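*Asks:* Got a predicted model here, sequence first, then my questions.
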Amino acid sequence: MEVASRDVIAEAVHQWSTHWGKAPLASMEAVTSLMRAQQILLQRLNGLLREHDLTFPRYEALMILYLSRRGALPLGKLGERLQVHATSVTNLIDGLERAGFVRRAPDASDRRTTLAVITDAGRAAAAAATAELNEARFCTEPLRRSDLEAISGALRRLRAAEDGF
């Protein structure tokens, strides 16, 4: 028996409207759609990055190191830039270290601080993965450039309101 595909968000909008009226629909649909889009993109990105022994969160951490002036950052600073908890940074660096893309090193100017340092293998993986992501338009098909610009603009306003810019 074949299961018909259905738009679960459209169904949620219908149910929301039935139970709570039309006023909250645009907000509920937008948030639900953003969360689903995040799941779809993360699945696609991780699939593409798998051949480089990366996940998208590890790729982001690796790229922060790749683009840093010295190729090294304190773990705390890396967490700030990724906007994640210290435990998440530890897990990301553990994975990157196992892959040979990063090594931990003591900070010469502060012995209490541990640095994440990108390796040559990490630089090569970052460059190869970035080339593939750029070619694949960061897995955003079937969205058009105008769609992407509109989404980015709307989300920029949301971030600016949160961050006070």
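*Replies:* Ah, there it is.

*Asks:* contacts, neighbours, all on C-alpha from now
*Replies:* Will do.

*Asks:* Figure out how far stretch 157-165 is from the centre of its chain.
*Replies:* Centroid separation between stretch 157-165 and its chain, computed with Cα atoms, centre = their mean, to the nearest Å, is 19 Å.

*Asks:* So that it lines up with my notes, have the first residue be 10 from now on.
*Replies:* With 10 as the first residue, the last one maps to stretch 166-174.

*Asks:* from the chain's centre, how far out does stretch 143-160 sit?
*Replies:* 15 Å.

*Asks:* Kindly check the end-to-end length of it for me.
*Replies:* 18 Å (Cα to Cα, to the nearest Å).

*Asks:* what do you get for stretch 28-37?
*Replies:* OK, stretch 28-37 end separation, Cα to Cα: 13 Å.

*Asks:* List of residues touching that stretch?
*Replies:* For stretch 28-37, contacts defined as Cα atoms under 8 Å, 6 or more residues apart in numbering pick out 22, 25-26.

*Asks:* got any ranges where the protein has weak pLDDT?
*Replies:* Residue ranges of the chain with pLDDT under 70: 10-14, 174.

*Asks:* What are the boundaries of the strands in it?
*Replies:* For the chain, the strands defined by DSSP state E cover 81-83, 111-116, 119-127.
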